[in-house]
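Visitor: got a predicted model here, sequence first, then my questions.
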Amino acid sequence: MPWGASPPGRGIYRAVTAHWPGGADGAVLEAAADCFRDAGAGGVEWEDGRPAAAPFTDIPLDRAGTPFVRAYFPDDAAWPRIREQVRARLAALGATVRITTVREEDWAAAWKRYYRPLPLPGGYWVVPAWEDLPAEAAPERVIRLDPGMAFGTGTHPTTRMCLERLLEKELAGRQVMDLGAGSGVLALAAALRGARVLAVEPDPVALAVLEANLARNPAGRAVTAAAGTWAGQRDRVPQWDGVVANIIWEVLAPLLEDFPTRLAPGGWLLLSGILATREAELAERAQAAGLQPVFRRQEGDWLAVEFRRR
Ligand SMILES: C[S@@+](CC[C@H](N)C(=O)[O-])C[C@H]1O[C@@H](n2cnc3c(N)ncnc32)[C@H](O)[C@@H]1O
């Protein structure tokens, strides 16, 4: 069970999915996640079965392209009461609610079925911790991951765009911060390119996953994990040669002015987790902060943008 609920004897769960066909913003999704947690769910889910922690790092969309949040509850004596409680609260949030039945073993298998070794440019790979290495993968170019409850399998467009950019860089001896490190996948990629990395993560559950992933990778020796956020960790070194941050706009926007004050001259700031609709505002604020755009990639609605300190 990704979020540690004790499996009931029969191994049957009720999946409760709240949809907003007319759209919903992050605050509504977070209120729905709170509703699920108050009812005893240990986690909520993204579109491909990966668990997500509020505050939402992006808006999960279902196949119809509408926002959704999902949680699982054991089918035990408490279920009828929980069902009524979550139905009432989700209705008050304007959600359409669907309830389905899931067998635990199917669910576990489904999660892993989506997560396969991921080839990346330059012969690099992200390989699930439980999979054999692909024959063509050189061990020194592999990131071994068990993302558990943390964001960062490598497959989400925001992560992959950052991975591809980081793996192009020559980072020998460079001091890099991975802000919002999640599973640690970006920190490990930077370390594979030679960087010394501080991986900063405020969520204690994700931090434990991050530390386990650092321990299972030789490159993890070049990475230090730290609990916290930018404000508490930005002064760990005099200046950063690079900062990568794949986090929601609401977290990144207030930091845009401060990032360049801690970047070395010519230092880079690689941001993702930004919806393309924010691009004009991002460009304006970055320019005002003395940041020069040097790279842009878009996949679907998602942007990754790199700036240099002028
Ligand atoms: C989208 S995930 C990115 C994980 C990984 N770096 C990746 O690219 O896949 C964002 C991470 O930022 C963390 N986070 C949320 N708020 C934050 C904040 N204010 N400062 C730093 N990290 C934060 C979340 O806990 C989450 O692990």
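Guide: Great, that's in hand.

Visitor: the chain: helices as residue ranges?
Guide: 26-38, 79-92, 104-113, 157-167, 185-192, 204-215, 230-233, 249-252, 279-288 (DSSP state H).

Visitor: need the winner for burial among the ones you listed.
Guide: Highest mean neighbour count among the helices of the chain (mean count of other Cβ atoms under 10 Å): helix 185-192, with a mean of 29. To be clear about C-beta, it is placed using only N, CA and C from the backbone, and glycine gets the same treatment.

Visitor: can I get that helix in PDB, CA atoms only?
Guide: Only the C-alpha atoms of helix 185-192 are listed here, as PDB (Å, rounded to 0.1, in the frame of the first residue of the first chain):
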ATOM      1  CA  VAL A 185      15.500  12.000  -9.100                       C
ATOM      2  CA  LEU A 186      16.700  15.400 -10.200                       C
ATOM      3  CA  ALA A 187      19.300  15.700  -7.400                       C
ATOM      4  CA  LEU A 188      20.600  12.300  -8.400                       C
ATOM      5  CA  ALA A 189      20.800  13.300 -12.100                       C
ATOM      6  CA  ALA A 190      22.800  16.400 -11.200                       C
ATOM      7  CA  ALA A 191      25.100  14.200  -9.100                       C
ATOM      8  CA  LEU A 192      25.600  11.900 -12.000                       C
END
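
Visitor: packing partners for it?
Guide: Under the contact definition 3 or more Cβ pairs under 8 Å, 6 or more residues apart in numbering; DSSP states H and E, helix 185-192 sits against strand 124-128, strand 142-145, helix 157-167, strand 175-179, strand 196-201, helix 204-215, strand 223-227, strand 240-246.

Visitor: relative to residue 152, how far out is residue 160?
Guide: 11 Å (Cβ to Cβ, to the nearest Å).

Visitor: follow-up on the earlier one: save the helices and strands packed on helix 185-192 as TSV, and put in mean pLDDT and distance to residue 189 too.
Guide: Shown next, in TSV, are the helices and strands packed on helix 185-192 (pLDDT from 0 to 100; distance: least, Cβ to Cβ, whole Å):
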stretch	mean pLDDT	distance to residue 189
strand 124-128	96	7
strand 142-145	97	6
helix 157-167	96	5
strand 175-179	98	9
strand 196-201	98	9
helix 204-215	94	12
strand 223-227	98	10
strand 240-246	98	9
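
Visitor: okay if I get those as JSON lines plus distance to the ligand?
Guide: What follows is the helices and strands packed on helix 185-192, written out as JSON lines (distance: least, Cβ to the nearest ligand atom, whole Å):
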{"stretch": "strand 124-128", "distance to the ligand": "10"}
{"stretch": "strand 142-145", "distance to the ligand": "10"}
{"stretch": "helix 157-167", "distance to the ligand": "3"}
{"stretch": "strand 175-179", "distance to the ligand": "5"}
{"stretch": "strand 196-201", "distance to the ligand": "6"}
{"stretch": "helix 204-215", "distance to the ligand": "4"}
{"stretch": "strand 223-227", "distance to the ligand": "10"}
{"stretch": "strand 240-246", "distance to the ligand": "3"}
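
Visitor: alright, that wraps it up for me.
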